[in-house]
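> Sequence first, predicted model second:
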Amino acid sequence: MNALFLAFAHLRWTWARSLVLILVGALILAVPMVTQTLLRGSEDALTRRAEATPLVLGARGSQLDLVMGAVYFSEDRAQPITRAAEDAVWDSGLGLPIPLNTAFQTNGARIVGTSLDYFDFRGLTLAEGRQMAILGEAVLGADVAQRLALGPGDTVVSAPENLFDLDGVYPLELQITGVLEPTGTPDDEAVFTDVKTAWVIAGIGHGHDDVVTADADGNVTANAAITEFQRITPENIDSFHFHGAAGGYPLSAVIVAPYDTRSGTILRGRYLDPENPVQLTDPSEVIAGLVDRIFRIAALLDAVTVIIGIAALGAIGLSLFLAWSLRAPEMQTARRLGAGRFTILRLATAEIAILLSCAMVLAAGIVLVVNANGDQLVAWLLAF
Amino acid sequence: MLKRLCLAAALAASAASAQDRPVVATVNYPLAWMAERLGGGAVEVLFPVPVGQDPSLWRPGLSDIAAIQQAAVIALNGAGYAPWTARSSLPRSRIVDTSVGFSDAYIATQSVTHSHGADGEHSHEGTASYTWLDFAQAAQQSEALATMMERRIPELADTLADTLPALQSDLAALDAQARSELAGLKGQTILATHPRYQYLARAYGLEIAALEWEAGAMPTDAQWTELSELSEAKGATLLLWEAAPPAGAIDRAQEMGIASTVFAPLANRPAEGDFLSAMRAAITSLAEATQR
């Protein structure tokens, strides 16, 4: 007890050194556990969502980009395809196509243009407000709503695809009608709108004041400075219209939910031709490959962590040894006062025990905090 | 007292049954009638357009859209009918475009070419959308609706096996009646108060020249003049009214030597009867009008 008291008194006297040692010790203990937690969480989240997404239709090219963009709304996206590809799946009668247009962002959140089927497909329910009903309306994921402190009745404005798109799409004000229940998935970080609204953002659909009267041949030339509406209201919604063939409208990808196993197999067979510009991928297969790669890297990361941990422990030991060397005169004084060799050993042991205990408590705290917020952290990590 | 309790229980049971029944939402009356015929009492048909309004121009409120979004089947007419559907969020899995099967037979209407900004010149081509007035096309629409109802409401399969052939048979009979009774009108130009009858004209060999009059309203002097000029130019002596005109309008047309008949396209629910009986009566009335 005296040894613990004296050791604690000394550690408190040299508080800065003690604090550094506790922090370093806590990090050495926590980092491998945090890494494992995040890796396992990422694996679970990736695998769970991929397995819940039967097939993804998109442009031929990187399957990983296609799946990451369509399933996790990541920055990596495949080249766009056209709505005709979605229609082909619908016309086949083999599965339900769910369109996705993820080309735009607002306030750092991905705008996901889709159909109402997406909400049924993912089992998303509203925490407040109502479902989107008309052009220009949007429903927020739980995290976006919390981060931006927005709810039903508020608005967000779409951003252009990139900073250099100065003469590109018009920003469109989206009316928020509802906020989704949190799911711990990338859906929490998304702003959902109807795919037709995404096409309005893209400039394919627009509304504007009436153009001037047609001439005798039925041709009408409007002023180039004609004002296009940047907000869809009950007063102007009837003026919104789309240009070009509907089959040519762009989609980032299409989630395909086959009606049964046989339909899924037939559908996959239809997109095997490498000359076909569209491919149909199984996200669970793509993600299984990715997870396998991640865990190979994780094994390397574990080895690196062990080596760094050993080096850090050596550094801690060295610092303790040097500290005790500096305290040699103090120990000699204690010995002259009658303290035995074991008393000094008990002091040293008590000091190490206190440091280690504090480091373990701090490490446990870090791990608990990470565990408690694991889903959000994983969702945030996967969104990049 | 016992009667009241029984009545209340019956009403409650009826309400509960209505809530439990799958809903089929439709954008016009012909489709609502088909859904009623196909589903019988097993489905609740939602046709939210108020009586007296034109379903092709009606715009639903948010509560209407919310109710339609919940329906098991959302039956669209297609051919650009009810443009609000293109500006609303509806689940594709529950939508059936009942006329897509004959989309290559759509009739294009006048288009306006215009340009603005950097988009270049483009046009908005219209499409005649009263497709059901060709009753063979109406039969195809009913088949598309039945297929979707069976897919979305599998428990209806047995019912549909009985109701679809019966409905198709009635529509085939209506088509045969139109072919037979309107055969005498071939080669004769008929005037119409509104351009609603493109498919009727094409299917049954009629020549119909349309005006742009508001349904049910008394024509203005300018419109009467327009009618007179068109009648002279086309040699037409028969006018189809989309809806019953105000008192005196038919007499005034008669004074101009133009016979009248009301041929409601039945986009909305008729005051009496149903689609079949009202359309049969309208065909007969049209055929007889030429003989008067």
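Right, received. Where do you want to start? Numbering: from 1, shown residues only, chains lettered A, B, ... in the order given.
> make it CA atoms for all contacts and neighbour counts henceforth
Noted.
> partners of residue A:280 in the sheet?
Note on residue A:280: beta-bridge partners by DSSP bridges are residue A:57.
> where does the stretch 1-150 of chain A have low pLDDT?
Judged by pLDDT under 70, the stretch 1-150 of chain A has its weakly predicted residues at A:1.
> quick one: contacts for the closest residue to chain B within it?
With Cα to the nearest Cα, the shortest gap between the stretch 1-150 of chain A and chain B falls at residue A:134, namely 4.0 Å. By Cα atoms under 8 Å, 6 or more residues apart in numbering or on different chains, the contact set of residue A:134 is B:87, B:88, B:89.
> filter those residues by proximity to chain A?
When those are checked against chain A using Cα under 8 Å from any Cα of the partner chain, the ones in range are B:87, B:88, B:89.
> Does the first one touch residue A:132 like I think?
No. With contact defined as Cα atoms under 8 Å, residue B:87 does not reach residue A:132; the gap is 11.3 Å.
> Let me know the secondary structure of residue A:175.
Three-state call for residue A:175 (DSSP: H, G, I helix; E, B strand; the rest coil): strand.
> what distance separates the lengthiest strand in chain A from the centre of its chain?
Using DSSP state E, we find that the single longest strand of chain A is strand A:95-106. In terms of Cα atoms, centre = their mean, to the nearest Å, the centre of strand A:95-106 is set 16 Å apart from its chain centre.
> List the buried residues of that strand.
Neighbour counts using 16 or more other Cα atoms under 10 Å in any protein chain shown place A:95, A:96, A:97, A:98, A:99, A:100, A:101, A:102, A:103, A:104, A:105, A:106 of strand A:95-106 among the buried residues.
> Adding distance to residue A:44, write the residues you listed out as CSV.
As requested, those are exported to CSV (distance: Cα to Cα, whole Å):
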residue, distance to residue A:44
A:95, 26
A:96, 26
A:97, 25
A:98, 24
A:99, 25
A:100, 24
A:101, 26
A:102, 24
A:103, 27
A:104, 28
A:105, 27
A:106, 28
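> quick one: which helix or strand includes residue A:112?
Applying DSSP states H and E as the criterion places residue A:112 in strand A:109-114.
> And that strand, what does it pack against?
On a contact count with 3 or more Cα pairs under 8 Å, 6 or more residues apart in numbering or on different chains; DSSP states H and E, strand A:109-114 meets strand A:95-106, strand A:190-194, helix A:195-201.
> and residue B:156, how many neighbours?
Using other Cα atoms under 10 Å in any protein chain shown, residue B:156 has 19 other residues around it.
> gap between it and residue B:72?
For residue B:156, the distance to residue B:72 (Cα to Cα, to the nearest Å) stands at 12 Å.
> go on, residue A:203?
Applying Cα to Cα to residue A:203 and residue B:72 gives a distance of 32 Å.
> more crowded one of the two?
Between residue A:203 and residue B:72, counted using other Cα under 10 Å, the more crowded position is residue B:72 (22 against 19).
> Flag every residue of the stretch 1-150 of chain A that's near chain B.
Near chain B, when you scan the stretch 1-150 of chain A using Cα under 8 Å from any Cα, you find A:96, A:115, A:116, A:117, A:131, A:132, A:133, A:134, A:135.
> gap between the first one and residue A:117?
Residue A:96 sits at a distance of 9 Å from residue A:117 (criterion: Cα to Cα).
> Just the closest of the contacts of residue A:134 to residue B:42, please.
Closest approach between the contacts of residue A:134 and residue B:42, by Cα to Cα: residue B:89, at 26.6 Å.
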